[in-house]
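Novice: okay, structure incoming, though there's no sequence with it:
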């Protein structure tokens, strides 16, 4: 979901979430910063992971909501500085397999190929780290 300011739409967003009841929700352009607390963004039965835009602006930012039943853990990729507006986590299934999920935001002025290459690099790094050969 591209929110273009989640705070002023939060009641509608919350109603949609509880109607659909998804396990994972990604939000781009949250437009949140230090002026917005986690409590203002909280959803019952969901863990919130957030990455506000690293500069002092009102736009940008990403949110990731994961059902509390999945016991998600935040993951910080080593290449995070290439893409400052991203947030990642992982959860483990009943067989011990890790599943990674993330939300990335690409500004309209960023070349889309850079994002594709970045995601491919992350995927390769995760595979190198977790796949048993």
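Specialist: Right, received. Where do you want to start? Quantities reported herein were computed from a predicted structural model and do not represent experimental measurements.
Novice: can you give me the strands for the chain?
Specialist: 24-28, 46-51, 62-67, 73-75, 86-92, 98-104 (DSSP state E).
Novice: out of those strands, which one sits most buried?
Specialist: Comparing these by mean neighbour count (mean count of other C-beta atoms under 10 Å), strand 62-67 comes out on top with a mean of 22. From N, CA and C alone the C-beta is placed, and that goes for glycine too.
Novice: for residue 29, grab phi and psi.
Specialist: When read as degrees, to the nearest 10, the backbone of residue 29 gives phi 50, psi 50.
Novice: quick one: pLDDT of the residue lying closest to residue 70 once chain neighbours are set aside?
Specialist: Distances taken as C-beta to C-beta, 6 or more residues apart in numbering put residue 91 closest to residue 70, at 4.2 Å, once the chain neighbours are dropped. Residue 91 carries a pLDDT value of 95.
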